[in-house]
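Q: The following block contains a protein sequence and its predicted model.
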Amino acid sequence: MSPGEPRTYHHGDLRSALLCAALALLEDEGPNALSLRRLARTVGVSPMAPYHHFADREALLAAVATLGFERLQERKLETERAHASAREALAIGAAAYVRFILDNPNLYRLMKGPVFADRTLYPDLQRAAAAPARTLLTVLGRLQAEHAPALPPAEEAAQMLWGLAHGIGTLALDGQVRREAAPDLAQSAATAMIDGWLGT
């Protein structure tokens, strides 16, 4: 094989390799760095090979965002399983959400940005994006069962907690809140919000 010739791809799962490369490029250089041709060079396949898995650049971005929501859901489920108390799971979950934002800044902006305001065009993305919200509603249901308080409606309570964590996380990304303090700030703020609902 000559030095200028693309390396033959020998691995078993090209789609996964392309997504891993896309995630790395996204975090290193931002979304503008992502193109199917560049990914082909990075992975070492022909320029047309990625098109067998992604119809175009937007489909690639949708797949990357889908993977982001799946990883976020994994963290949420880990937090839920680790804390028997719904109050603790919700408060610590807010801190974990902020850590996810700070660990994956460009990925998070892609996930929540305007590019995919209409997720119905990408059913996998739509399903993945809905999963963390469902988990949050499940934990709020546990809180209701544990304390039987006069909670706000579940959807409203979920929006409050998400808005709190999202706001603190993105403020930290923009340098408006100290990054190292942001997770604890989110946990304290969520605890205060929940205790206000519970009347404690």
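A: Received it, and whenever you're ready, just let me know what you need. Numbering: from 1, shown residues only.
Q: so how far is Leu173 from Met48?
A: 36 Å (CB to CB, to the nearest Å). For glycine as for every other residue, the C-beta is placed from the backbone atoms N, C-alpha and C.
Q: for Tyr97, same thing?
A: Remark: distance between Tyr97 and Leu173 (CB to CB) = 13 Å.
Q: The two: which has the busier surroundings?
A: Summary of the neighbour comparison: Tyr97 and Leu173, criterion other CB atoms under 10 Å, with Tyr97 having more neighbours (28 against 18).
Q: List the contacts of that one.
A: By CB atoms under 8 Å, 6 or more residues apart in numbering, Tyr97 lies in contact with 72, 75-76, 162, 165-166, 169, 186.
Q: Name the helix or strand for the residue lying closest to Thr42 once chain neighbours are set aside, please.
A: Beyond its immediate neighbours in the sequence, the residue positioned closest to Thr42 (CB to CB, 6 or more residues apart in numbering) is Ala21, lying 4.6 Å away. Secondary structure from DSSP states H and E places Ala21 in helix 14-29.
Q: looking just at contacts, which helices and strands does that helix meet?
A: For helix 14-29, the elements it packs on are helix 36-43, helix 57-82, helix 105-112, judged by 3 or more CB pairs under 8 Å, 6 or more residues apart in numbering; DSSP states H and E.
Q: Of the ones you listed, which is nearest Pro123?
A: Between Pro123 and those, the tightest spacing by CB to CB is seen for helix 57-82, at 9.8 Å.
Q: which other helices and strands contact the closest one?
A: Using 3+ CB pairs under 8 Å, 6+ apart as the contact criterion, the secondary-structure elements in contact with helix 57-82 are helix 14-29, helix 36-43, helix 86-103, helix 105-112, helix 123-147.
Q: Distance of Met48 relative to Ala33?
A: With distances taken as CB to CB, Met48 is found 20 Å from Ala33.
Q: Looking only at neighbour counts, state which of the two leads.
A: Neighbours of Met48 and Ala33, each counted by other CB under 10 Å, are more numerous for Ala33; the result is 15 against 10.
Q: isn't the more buried one right up against Glu27?
A: No. Here Ala33 lies out of contact with Glu27, judged by CB atoms under 8 Å, at a distance of 9.8 Å.
Q: for stretch 48-55, how far is the first residue from the last?
A: 11 Å (CA to CA, to the nearest Å).
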